[in-house]
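Asks: Next comes the sequence, and after it the predicted model I'd like to discuss.
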Amino acid sequence: MAVSRRFFLGAATGGLAGAAAMAPSAGRAQTGSQTAGQGAAPSSVDVVVIGAGVSGLIAARELERQGRTTTVLEARGRIGGRCVRQQTIQNWWLDLGGQWMGKTHVRFQSLAKELGIRTFDSYFEGKTVLIWNGRKVVAPMLGDWAGTFLDVAYDDLPVPVKDREAARQLHRDFLQLAQTVDAERPWLTPGARALDAQTIDSWMRSRTDSELAHYILKWYTRVGGSGGFEPADSSILHLAQTQKASPQAETPEVWLLYGAAGQMPSLLAAQIKGRIRTNAAAQVVVRQADGRYLVHAADGSRHSCRAVVVALPPALRTRIVFEPGLPARVSGLMQRSPMGSMFKILTVYPTAWWREQGLNGYAQGNLPTVELTADSSPPSGTPGVLASFVAADRAVALGLRNARERRSAVLADLVEFWGQRAGEPADYVETNWGQESWTTGAFTSYMTTGAWTSFGPAWREPVGRIVWAGTESSTRWAGFYEGAIQAGLDAAATVQSLLS
């Protein structure tokens with residue numbers, strides 16, 4: 001079943017499987033129409049949090065734990081942002097957004113334990129599938145990220161030795177470069193200006209003409225945590241920073257969550273005492289003469305506060321009018337931080353039949369549409385779930401096709417990876433994050449060429465008592481839940497210091 005755009009805009013949330021269960025459990029969330037009034041006096045709290053994704057909810061909860069009063073404003077008709085779930089066959093839950101927990105995601109692990117959410121191992125037993133230029137390799141996953149081609153032994157690749165060596169060398173050069181980067185202040189990295197002026201594409205092509213070698217860096221930009229852009233879209237400094245702060249070698253896809261990660265927003269909201277207003281996009285933030293802020297929301301409500309936490313991706317912050325205007329460097333950073341382009345497709349089968357064939361559901365390669373698939377089934381294998389990702393230019397192109405054509409293209413690639421049974425799912429759930437009005441992409445934003453060295457110092461710096469949150473604001477694991485949690489906690493700590 002395709003997920004329509006209406007799902008994310010909130011008007012039809014209750015009509016989809018799983019969404020109806022989500023809305024009532026959203027804690028103290030209220031729609032603007034329930035309480036809004038153009039002529040009403042503004043509410044007064046210590047902090048207004050803009051954005052009810054994981055990061056915003058964490059910030060609000062932490063601020064309340066420190067004795068502050070809060071109001072959370074959310075543009076959608078639901079809470080959660082990119083953390084959202086939907087039920088499928090056999091009462092299993094699917095994550096339409098982020099889903100994995102990694103070995104060094106310590107705050108995410110702690111939060112799941114606190115919320116009573118159990119985890120289970122991602123399924124990587126058996127062999128993986130790699131398709132390169134029409135040639136299919138079925139091989140073990142070695143778990144040696146730096147020493148393999150996307151976890152496949154170089155000797156297993158159906159390519160000339162010179163291509164294997166070129167790929168090995170380019171990856172080694174990139175990982176060495178990443179180690180030189182200052183992850184918290186990339187603009188201070190040695191040679192930062194030159195690295196930031198050079199695209200990923202030009203950097204890799206200056207070293208080798210091997211397309212196999214290039215594919216490793218393309219994998220990083222499209223689906224490898226950086227997320228949803230092409231090598232010509234960003235600088236080699238940005239890609240190196242993402243891998244220094246969020247290294248694939250630290251295995252960020254080790255665990256999945258029973259009931260899906262998408263249950264977290266409701267559980268967090270239930271712990272927040274202040275009001276969470278949905279359908280209430282923040283439109284104007286005014287700094288007043290007395291030093292307080294007045295936040296105007298789309299539902300007509302107004303909120304007076306001492307500090308504001310903006311828990312949104314940089315690109316969405318540009319939709320808010322700030323008075324007085326933000327410093328030029330802050331505005332410049334937001335304008336040069338677009339979201340990645342990403343489809344996530346979940347195909348559901350009665351069983352994870354690929355496991356019976358000694359396969360683990362993890363596949364990648366240079367097929368026309370699907371970049372990567374991963375087994376997202378429960379330990380029992382019933383139902384069987386494959387999560388597939390279509391990224392960057394492929395996602396843009398897929399979005400121009402109608403629903404029937406999109407499904408046909410995706411299933412054709414799944415058949416290439418896994419055989420005919422992959423083309424006959426019992427449920428088909430498609431999410432085009434680029435079409436979602438209050439996200440406009442996924443997994444995360446990226447910096448365009450030159451942005452780090454021209455505008456980077458504005459990345460996390462507050463403006464007065466306006467503080468930035470959202471996973472993109474984290475110095476560690478940006479684009480992951482770990483980063484969202486860290487950014488929320490950092491924002492709360494910054495507010496406390498500004499108000500003390």
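Replies: Thanks, I have the structure now.
Asks: which residue packs closest to His214, ignoring adjacent ones?
Replies: Met204 (5.3 Å; Cβ to Cβ, 6 or more residues apart in numbering). The C-beta positions use only the backbone N, C-alpha and C, and glycine is treated the same way.
Asks: Do me a favour and get the backbone dihedrals for Glu230.
Replies: Dihedral pair for Glu230: phi -90, psi 160, per degrees, to the nearest 10.
Asks: show me what contacts the residue nearest to it when sequence neighbours are not counted?
Replies: Leaving aside its chain neighbours, Glu230 sits nearest to Ala392 (4.9 Å; criterion: Cβ to Cβ, 6+ apart). Under the criterion of Cβ atoms under 8 Å, 6 or more residues apart in numbering, the neighbours of Ala392 are Thr221, Arg222, Gly228, Phe229, Glu230, Asp233, Gly340, Ser341.
Asks: Make a markdown table from those residues and add distance to Val295, secondary structure and pLDDT to it.
Replies: Shown next, in a markdown table, are the contacts of Ala392 (distance: Cβ to Cβ, whole Å; DSSP: H, G, I helix; E, B strand; the rest coil; pLDDT from 0 to 100):
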| residue | distance to Val295 | secondary structure | pLDDT |
| --- | --- | --- | --- |
| Thr221 | 36 | helix | 97 |
| Arg222 | 37 | helix | 97 |
| Gly228 | 30 | coil | 95 |
| Phe229 | 32 | coil | 98 |
| Glu230 | 37 | coil | 98 |
| Asp233 | 33 | coil | 98 |
| Gly340 | 29 | coil | 97 |
| Ser341 | 31 | coil | 98 |
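Asks: Looking at neighbours, which among these is most surrounded?
Replies: Ranked by neighbour count (other Cβ atoms under 10 Å), these have Gly228 at the top, with 30 neighbours.
Asks: picking up where we left off before, name the element the residue nearest to His214 belongs to?
Replies: If you go by DSSP states H and E, Met204 is part of helix 200-205.
Asks: isn't Lys280 right next to Arg302, touching?
Replies: No, residue 280 isn't Lys; it's Ala. No. If you go by Cβ atoms under 8 Å, Ala280 and Arg302 don't touch, sitting 10.8 Å apart.
Asks: out of these two, which sits in the busier spot?
Replies: Set Ala280 next to Arg302 and count neighbours by other Cβ under 10 Å: Ala280 wins out with 31 against 17.
Asks: just checking, the more buried one is part of a strand?
Replies: No. When classified by DSSP: H, G, I helix; E, B strand; the rest coil, Ala280 is found to be coil rather than part of a strand.
Asks: Can you show me the strands along the stretch 201-350 of the chain?
Replies: Secondary structure of the stretch 201-350 of the chain (DSSP state E, counting those that start in this stretch): strands at 255-257, 275-278, 282-287, 293-297, 302-305, 307-310, 321-323, 342-349.
Asks: ok, residues contacting the first one?
Replies: The list of residues contacting strand 255-257 from outside it, by Cβ under 8 Å, 6+ apart, reads 95, 99-102, 112, 117-122, 263, 376.
Asks: what about burial for those, which qualify?
Replies: Asp95, Gln99, Trp100, Met101, Gly102, Ala112, Ile117, Thr119, Ser122, Gln263, Ser376 (16 or more other Cβ atoms under 10 Å).
Asks: which pair in the residues you listed spans the largest distance?
Replies: By the measure Cβ to Cβ, Gly102 and Gln263 form the most distant pair in the buried ones among the contacts of strand 255-257, at 18.9 Å.
Asks: and Met204, what does it touch?
Replies: Leu170, Phe174, Ala213, His214, Leu217, Pro231.
Asks: repeat that with 7 Å
Replies: Met204 sits next to Leu170, His214, Leu217, Pro231 when contact means Cβ atoms under 7 Å, 6 or more residues apart in numbering.
Asks: Leaving out chain neighbours, which residue sits closest to the third one?
Replies: Setting aside the residues directly before and after it, Leu217 is nearest to Met204 in space (Cβ to Cβ, 6+ apart), at 5.1 Å.
Asks: next one: the first one
Replies: Here the nearest residue to Leu170 in space, its sequence neighbours aside, is Ala213; by Cβ to Cβ, 6+ apart that works out to 4.1 Å.
Asks: In CSV, list the C-alpha atoms belonging to stretch 60-71.
Replies: What follows is stretch 60-71, C-alpha atoms only, in CSV (Å, rounded to 0.1, in the frame of the first residue of the first chain):
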residue,chain,number,x,y,z
ALA,A,60,11.4,19.8,25.7
ARG,A,61,11.6,16.8,28.1
GLU,A,62,15.1,17.6,29.2
LEU,A,63,14.2,21.3,29.8
GLU,A,64,11.2,20.3,31.9
ARG,A,65,13.3,17.9,33.9
GLN,A,66,15.5,21.0,34.7
GLY,A,67,12.5,22.9,35.9
ARG,A,68,11.6,24.9,32.8
THR,A,69,8.1,25.3,31.3
THR,A,70,7.7,24.5,27.6
THR,A,71,5.4,24.6,24.6
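Asks: who's in contact with it?
Replies: 43, 45-49, 72, 268, 271-275, 277, 303, 488-489, 492, 495-496.
Asks: and the helix or strand containing Leu94, average pLDDT?
Replies: Using DSSP H and E, Leu94 sits in strand 93-95. Averaging pLDDT along strand 93-95 gives 98.
Asks: C-terminal to it, what's the next element?
Replies: Following strand 93-95 in sequence, per DSSP H and E, is helix 106-115.
Asks: Give me the phi and psi angles of Gly259.
Replies: According to degrees, to the nearest 10, Gly259 has phi 80, psi 0.
Asks: typed the wrong thing, it's Gln66
Replies: Per degrees, to the nearest 10, the backbone of Gln66 is at phi -90, psi 10.
Asks: Val138 too?
Replies: Given degrees, to the nearest 10, the pair of backbone angles that Val138 has is phi -120, psi 110.
Asks: To what extent is it buried, counted in neighbours?
Replies: Count around Val138 with other Cβ under 10 Å applied: 15.
Asks: is it true that it touches Ile131?
Replies: No. Using Cβ atoms under 7 Å, Val138 is not in contact with Ile131; the gap is 10.0 Å.
Asks: Neighbours of the closest residue in space to Gln335 that isn't next to it in sequence, how many?
Replies: Nearest residue to Gln335, sequence neighbours excluded (Cβ to Cβ, 6+ apart): Thr318, at 6.6 Å. The tally of other residues near Thr318 (other Cβ under 10 Å) stands at 15.
Asks: now do Ala403
Replies: 11.
Asks: What distance do you get for it to Tyr446?
Replies: 28 Å (Cβ to Cβ, to the nearest Å).
Asks: Repeat that for Arg302.
Replies: For Arg302, the distance to Tyr446 - Cβ to Cβ - is 35 Å.
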